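# One predicted model, sequence on top.
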Amino acid sequence: MDKVIYLDNNATTKVADEVIREMEPFFSKLYGNPSSMHFFGGQVQSHINKAREKVAALLGCLPEEIIFTSCGTESDSTAIYSALRSFPEKKHIVTTAVEHPAILNLCKTLEGQGYRVTYLKVDENGMINLDELKSAVTNETAIVSIMWANNETGVIFPVNEAAKIAKEKGALFHTDAVQAAGKIKMDLKNSSIDMLSISGHKLHAPKGIGALYVRKGTLFTPFLTGGHQEKGRRAGTENTPYILGLGKAAELAVNNMDKENRYVASLRDRLEKGLTSLIKNTRINGKASPRLPNTTNISFEYVEGESILLFLSEKGICASSGSACTSGSLEPSHVLMSMKVPMTFAHGSVRFSFSVYNTEEEVDYVLKEMPAIIDRLREISPFADGKPLFGMDACENKHH
Ligand code: PLP
């Protein structure tokens, strides 16, 4: 399809041209192994150091506190396993019910291995309760892991306050900041956060590069052991071009964050205002909470989110739904379920997530196409007249 209106930037982002230019020489010219004794490797190492400084500047920490990894998922796993292996007597983890599967499925696995996990609930605005956190953390708790911003709704959690609570109770604090990095100003040196995960492909670097911040002095056990790369904290020959790419993306984010945030928020607000005024029975999930400027999660009552996505896709519009219908589950997104979004709305939710590469014309195109799509789906919806909601048939039929 010629026309691509890409409004799915929380899934992944376009690699910035500046990032591609930064990476290119490290494939073709500066391809030495940074661990080599000779000058050809050594010069690559100095570029990696510069990239590490740029990522540290984005997070407000020291360069030596940054470990490069292969992705956000690896960073998350490294943080949790490190805490559990460093404090083997502690068998309890605290997290939230709305984390990304990178944390949730890891916790499920750990439960099967004898660990106890507390999943903090969220309220109808998608917000956690810090009092609940206070009572959940005990001297058995190895680590508290709370995402900085939710990938589905964009709701921002008070991680600095949560980290203080964990610290007071003697637990480590990790945050999955994969969606927050590049969108929220971070000052880790003045926080109680011990570990933080980011992923390159959410901020215009390529897929397959991530980083983990580990506060200086934090007891740390590596996830990958082998060579002495990353000061023995993450074995494996450095992915030099991608590390350089992440460094460049971090630099661009530092320089442009305020301007870009204002811009994407204006597009997001234009879309929300337009859709809620053009289409009846809509709701914006998490709107009453602080949210990422680029994200909106909108529910259209009595329609199925995945059908909306298919119709949007036919028009060249890329968005996403939190629904797990395609995976064979009948449940709507675990995030919207935790927020107790009514079932008639929860099934019909669509996430639009913007980047600086989007335009007002693209928003207006969605506003032009969307009312007819929702009308059409509501006309054929077997649920709009109050019949029971979304049984097996409803989900299966859509995918034949
Ligand atoms: N955590 C959050 C909040 C995410 O949104 C994602 C990706 O969607 C991840 C972790 C996983 O990151 P990666 O794809 O780099 O493994």
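Perfect, I can see it now.
# residues in contact with the residue of the stretch 201-350 of the chain found nearest the ligand?
Among the residues of the stretch 201-350 of the chain, residue 210 lies closest to the ligand, at 5.3 Å counting by C-beta to the nearest ligand atom. From N, CA and C alone the C-beta is placed, and that goes for glycine too. Remark: with contacts taken as C-beta atoms under 8 Å, 6 or more residues apart in numbering, residue 210 is in contact with 68-75, 178, 197-200, 246.
# hmm, 7 Å instead?
Shown in contact with residue 210 (C-beta atoms under 7 Å, 6 or more residues apart in numbering): 69, 70, 71, 72, 74, 75, 197, 198, 199, 200.
# Sitting in strands, which of the residues you listed do you find?
If you go by DSSP state E, the contacts of residue 210 have 69, 197, 198, 199 in strands.
# Most neighbours of all those residues, which one?
Neighbour counts for the ones in strands among the contacts of residue 210, by other C-beta atoms under 10 Å, peak at residue 198, which reaches 33 neighbours.
# for it, which residues make a bridge with it?
Under DSSP bridges, the beta-bridge partners of residue 198 are residue 211.
# Cross-check the contact I'm expecting between it and residue 188.
No: counting by C-beta atoms under 7 Å, residue 198 sits too far from residue 188 to count as a contact (11.3 Å).
# Tabulate the contacts of residue 210 (a markdown table), appending pLDDT and distance to residue 364.
Listed next are the contacts of residue 210 as a markdown table, based on pLDDT from 0 to 100; distance: C-beta to C-beta, whole Å:
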| residue | pLDDT | distance to residue 364 |
| --- | --- | --- |
| 69 | 98 | 40 |
| 70 | 98 | 39 |
| 71 | 98 | 35 |
| 72 | 98 | 33 |
| 74 | 98 | 40 |
| 75 | 98 | 38 |
| 197 | 98 | 36 |
| 198 | 98 | 33 |
| 199 | 98 | 31 |
| 200 | 98 | 31 |
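# got the residues of the stretch 51-200 of the chain near the ligand?
Residues of the stretch 51-200 of the chain lying close to the ligand (C-beta under 6 Å from any ligand atom) are 71, 72, 73, 100, 102, 147, 151, 176, 178, 179, 199.
# all strands of the stretch 51-200 of the chain, in order?
Using DSSP state E, counting those that start in this stretch, the strands of the stretch 51-200 of the chain run over residues 66-69, 92-96, 116-120, 141-145, 172-176, 195-199.
# right, so of those, which gets closest to residue 206?
Distance to residue 206, taken as C-beta to C-beta, is lowest for strand 195-199 among these, at 10.3 Å.
# Not counting the closest one itself, show me its contacts.
Applying C-beta under 7 Å, 6+ apart, the external contacts of strand 195-199 come out as 59, 71-72, 75-76, 79, 172, 174-178, 181, 188, 210-214, 218.
# how does it look with 6 Å?
71-72, 75-76, 79, 174-178, 181, 210-214 (C-beta atoms under 6 Å, 6 or more residues apart in numbering).
# And for stretch 50-59?
Contact with stretch 50-59 is made by 62-63, 66, 186, 188, 211, 213, 243-244, 247, 250-251, 253-254, as judged by C-beta under 6 Å, 6+ apart.
# got the contact list for the residue in the stretch 51-200 of the chain positioned nearest to the ligand?
Nearest to the ligand in the stretch 51-200 of the chain, going by C-beta to the nearest ligand atom, is residue 72, at a distance of 2.7 Å. Listed by C-beta under 6 Å, 6+ apart, the contact partners of residue 72 are 178, 197, 199, 210.
# For those residues, give me TSV that also has distance to residue 134.
Below are the contacts of residue 72 laid out as TSV (distance: C-beta to C-beta, whole Å):
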residue	distance to residue 134
178	26
197	24
199	30
210	31
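# closest to residue 262 among those?
When these are compared against residue 262 (criterion: C-beta to C-beta), the nearest one is residue 178, at 22.3 Å.
# mind checking the end-to-end distance for stretch 53-69?
16 Å (C-alpha to C-alpha, to the nearest Å).
# scratch that, stretch 169-188 is what I was asking about
This stretch, stretch 169-188, spans 19 Å end to end (C-alpha to C-alpha).
# pLDDT on that stretch, on average?
Mean per-residue pLDDT for stretch 169-188: 98.
# same check, this time on stretch 307-317
Average pLDDT, stretch 307-317: 96.
# Dump stretch 274-282 to PDB, restricted to CA.
Included here for stretch 274-282 are C-alpha records, laid out as PDB according to Å, rounded to 0.1, in the frame of the first residue of the first chain:
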ATOM      1  CA  GLY A 274     -12.100  15.100  16.900                       C
ATOM      2  CA  LEU A 275     -13.000  11.400  17.600                       C
ATOM      3  CA  THR A 276     -14.900  12.100  20.800                       C
ATOM      4  CA  SER A 277     -16.900  14.900  19.200                       C
ATOM      5  CA  LEU A 278     -17.600  13.000  15.900                       C
ATOM      6  CA  ILE A 279     -18.400   9.600  17.400                       C
ATOM      7  CA  LYS A 280     -20.900   8.900  20.200                       C
ATOM      8  CA  ASN A 281     -20.200   6.400  23.100                       C
ATOM      9  CA  THR A 282     -16.500   6.700  23.200                       C
END
